[in-house]
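K.L.:
Just a sequence and a predicted model for now, questions to come.
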Amino acid sequence: MPISTKTFNDQAIRGIARLTEQANAYQEQIASGKKDLRPSQDPVAAARLSAIKEMEADVQRFSDNLGSAKTRLGLSDTILESVQNILIRANELAIQATNDTNSQIDRQAIRAEVVQLRESLVGLANTTDDRGQALFGGYATRETPFVKGAHGAVSYAGDTGQTTVLASGDLALTTAVNGAEAFMRIETADGPVSVFDIFNGLAASLETAGDSTTALTMTGGRVRIDISADRAPQLHEVTITGPIGSARISAELVAGSPDALVAAINAVRDATGLSAAAETNGSGVFVTAQDGGTISFGDYKIAGRNVATSPVSTGMTITPINDQNAATGAPRVLADADQAISSSIEKLSSGIAHLGLQRARVGAYFNAADVQSEALNRKDLLVAQTRSGIEDADIAEVISKLQSLLVNRDAAQQVFAKLSQQSLFDFLR
């Protein structure tokens, strides 16, 4: 088959071009340090590299999630620590207020600081993260979780959900505690109360400390009791003490009906030496001590009342009287035991312990995120090593191949140059 000069030249030029292209590819590998992993060059390595890149993307996504989670958890712990410090300060103020040397003006000054601490507390509870999401709103991260209403009452507008992030393909980590658990459910001897109610109760007890008492003793042997009760039946409990001894009584009372209280007092007559009779055509209760002894009342509890209120809305008004039922002294208001400043101190102590527990939970979540971060760092290192093994070029080997290729190309160019200068007559000589 005859071969023309043009065909020969074309084939030679294409061959030299291929050698030049391969040389350029080697030079790019030397400059970048990476192999040529195009599917056309190495389909197996290209497929492996694609899978490794997907793993790297997953590791990066999970690492970003963990970074966000640790930021939220760190901020949550800082806020809860501040809240705990506010409770500690309020507890110090409450203890200070119980000092008998304080006047009502002194207690009002203490109350002013308590009210300001409560305002700070609401602000902290409504803290948002760097993305503007509420820390303590549960799943309702776009809403303001704690809403202040009339008379300082605070309600929770969030939910009980706990936000999470994916830390791996099948592991979700908690990023916060919800506000209902952190602030609204502090367990006390009187049942669960919110931290805001504790502050409201302390403010109320400071305001009413001079107008009521939670324990009193009357001399003269006779007293009149008037109950300020609600229209709905409500359980009232009180410890009464007479000449013989003490007993705790309870009665469901409604406004204007003292019969249940009379029955409860008379039921323990043998234990206390006290007897009771209802006022004719009235709502008062007359209590008489055997032999004219003293009559004492204490630890008064009204169901559903867990913190102090201002003004004192329900309670017993106790007036010393004579045998003709005429008052012999000033009436005294016996308030629910929770009206006492000491009751607020107990609840503040419970709140401090509760906040400590919430911080411990946040710390546990943060530690879990730390452990997962370390695992992701190890995985990231392994993936990087695997990728390096696939795509990193052996520079010494590539340089050797390049040098050999350049020698071959230069030789081919010289041969082509000489052959392209010859004609048919040169072959016929």
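P.N.:
Perfect, I can see it now. As the structure is a prediction and not an experimental result, all values here were calculated from the model.

K.L.:
can you tell me which residue is nearest the centre of this protein?
P.N.:
V177 (3.1 Å; C-alpha atoms, centre = their mean).

K.L.:
Contacts only, for that one.
P.N.:
Each residue near V177 by C-beta atoms under 8 Å, 6 or more residues apart in numbering is listed here: 76, 136, 162, 358, 361-362. Where C-beta positions appear, they are placed from N, C-alpha and C, glycine not excepted.

K.L.:
Then it would be within a helix, right?
P.N.:
No - counting by DSSP: H, G, I helix; E, B strand; the rest coil, V177 is not part of a helix but coil.

K.L.:
In terms of pLDDT, where does it sit?
P.N.:
Per-residue pLDDT puts V177 at 91.

K.L.:
just to revisit the earlier point, looking at the contacts of V177, which has the most residues close by?
P.N.:
F136 (28 neighbours; other C-beta atoms under 10 Å).

K.L.:
Tell me how many other residues surround the residue nearest to it when sequence neighbours are not counted.
P.N.:
By the measure of C-beta to C-beta, 6 or more residues apart in numbering, the closest residue to F136 outside its immediate chain neighbours is G179, 3.6 Å from it. For G179, the tally of surrounding residues (other C-beta under 10 Å) stands at 25.

K.L.:
which stretches of the chain aren't confidently modelled?
P.N.:
Applying pLDDT under 70 to the chain flags the ranges 1-42, 44-47, 49, 387-395, 397-403, 405-429.

K.L.:
Show me what counts as buried in the helix or strand where L261 lies.
P.N.:
Here L261 sits within helix 259-267, counting by DSSP states H and E. Residues 260-262, 264-266 are the ones in helix 259-267 that count as buried (16 or more other C-beta atoms under 10 Å).

K.L.:
my read: D370 touches L73, true?
P.N.:
No - judged on C-beta atoms under 8 Å, D370 makes no contact with L73 at a distance of 9.8 Å.

K.L.:
Between those two, point out the one with more neighbours.
P.N.:
Between D370 and L73, counted using other C-beta under 10 Å, the more crowded position is L73 (26 against 13).

K.L.:
re the thing from before, and which of the contacts of V177 is nearest V154?
P.N.:
F136 (12.3 Å; C-beta to C-beta).

K.L.:
Starting from F62, give me the distance back to the closest one.
P.N.:
25 Å (C-beta to C-beta, to the nearest Å).

K.L.:
S205 too?
P.N.:
Distance from S205 to F62, by C-beta to C-beta: 51 Å.

K.L.:
Show me which of these two is the more surrounded one.
P.N.:
Taking neighbours as other C-beta under 10 Å, S205 and F62 compare with S205 leading, 31 against 23.

K.L.:
Could you find the closest non-adjacent residue to A153?
P.N.:
Of all residues not flanking A153 in the chain, N200 sits nearest, at 7.0 Å (C-beta to C-beta, 6+ apart).

K.L.:
and the one helix or strand that neighbour maps to, what other elements does it pack with?
P.N.:
According to DSSP H and E, N200 maps onto helix 195-208. With contacts taken as 3 or more C-beta pairs under 8 Å, 6 or more residues apart in numbering; DSSP states H and E, helix 195-208 sits against helix 43-97, helix 104-125, helix 341-391.

K.L.:
Kindly recompute the last result at 6 Å.
P.N.:
The helices and strands touching helix 195-208, judged by 3 or more C-beta pairs under 6 Å, 6 or more residues apart in numbering; DSSP states H and E, are helix 104-125, helix 341-391.

K.L.:
Indicate which one of those is closest to M218.
P.N.:
Across those, closest to M218 is helix 341-391 (C-beta to C-beta), at 21.9 Å.

K.L.:
Can you list the helices and strands that that closest one packs against?
P.N.:
Partner elements for helix 341-391 (3+ C-beta pairs under 6 Å, 6+ apart): helix 43-97, strand 172-174, strand 186-188, helix 195-208.

K.L.:
Now those in TSV, please, with extra columns for distance to A278.
P.N.:
Below are these laid out as TSV (distance: least, C-beta to C-beta, whole Å):
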stretch	distance to A278
helix 43-97	39
strand 172-174	59
strand 186-188	35
helix 195-208	29
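
K.L.:
Most tightly packed of those?
P.N.:
helix 195-208 (a mean of 25; mean count of other C-beta atoms under 10 Å).

K.L.:
now that one and helix 43-97, what's the angle there?
P.N.:
With axes from the mean of the first three to the mean of the last three C-alpha atoms, to 10 degrees defining the directions, helix 195-208 sits at 10 degrees from helix 43-97.

K.L.:
Fine by me, thanks again.
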